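Novice: Generate coordinates for the sequence data below:
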Amino acid sequence: MSYPQTLTPEQKLAEAKQHLSIPHIVVICGSTRFMAEMNQADLGETVAGRIVVKPGFDMKSPHGLSTDPADAEAEAEADAPTQTQVQALMVRLGELHRAKIRLADEVLIVGDYIGDSTRAEIAYARSLGKPVRFTHPEVAHDS
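Specialist: Okay, here's the model as predicted:
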């Protein structure tokens, strides 16, 4: 007698997405210095009928959550988040982005620069068997 094989969580997710007719999901990764390019890629992928997930905001742009130690004292006086709180947020955002990679069917790397964080995202996606595409294929060798 044969028993049905237990599905992995990844297989269950793929079946559920297929059952629900969920379109192809693309996660955008790359340095947040390329936010404008990410927005352009988001538009192109959306027009092509894909669901797009990407970084929620750019930690390098003004937002009241400074990562500059020189600003930490002024932020503390202004009741702004402390450096420790900002670092904890960065960890949570990294975990959230890895969850986006797990959810996605494919990863799109935006920009003509591959830094350590993006390289780690590429390695993570590949470890999960996710296809990785590049807006600038010439930087693929850097990953």
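
Novice: Low-confidence bits of this protein, can you list those?
Specialist: Residue ranges of the chain with pLDDT under 70: 1, 58-79.

Novice: middle-most residue in it, spatially?
Specialist: residue 97 (4.0 Å; C-alpha atoms, centre = their mean).

Novice: count of residues packed around the residue nearest to residue 115 when sequence neighbours are not counted?
Specialist: Closest residue in space to residue 115, ignoring its immediate chain neighbours: residue 31 at 5.5 Å, by C-beta to C-beta, 6 or more residues apart in numbering. The C-beta positions use only the backbone N, C-alpha and C, and glycine is treated the same way. Neighbours of residue 31 under the rule other C-beta atoms under 10 Å: 20.

Novice: Scan the protein for its longest helix.
Specialist: Secondary structure of the chain per DSSP state H: the longest helix is helix 83-103.

Novice: Phi and psi next, for residue 8.
Specialist: Dihedral angles of residue 8 (phi, psi; degrees, to the nearest 10) stand at phi -70, psi 160.

Novice: let's number from 4 now, not from 1
Specialist: OK, 4 is where the count begins now, so the last one is residue 11.

Novice: tell me how far stretch 122-137 is from the chain's mean position?
Specialist: Relative to its chain's centre, stretch 122-137 lies at 11 Å (C-alpha atoms, centre = their mean, to the nearest Å).

Novice: cool, and stretch 92-111?
Specialist: That offset, for stretch 92-111, works out to 4 Å (C-alpha atoms, centre = their mean).

Novice: hmm, who's touching that stretch?
Specialist: Residues outside stretch 92-111 that contact it (C-beta atoms under 8 Å, 6 or more residues apart in numbering): 13, 16, 20, 27-32, 44, 48, 56-59, 62, 68, 70, 84, 124-125, 127-128, 131, 133-138.

Novice: before we move on, what about stretch 126-140?
Specialist: The contact list for stretch 126-140, computed with C-beta under 8 Å, 6+ apart, reads 13, 30, 32, 40, 44, 101, 104-105, 107-115, 125, 143, 146.
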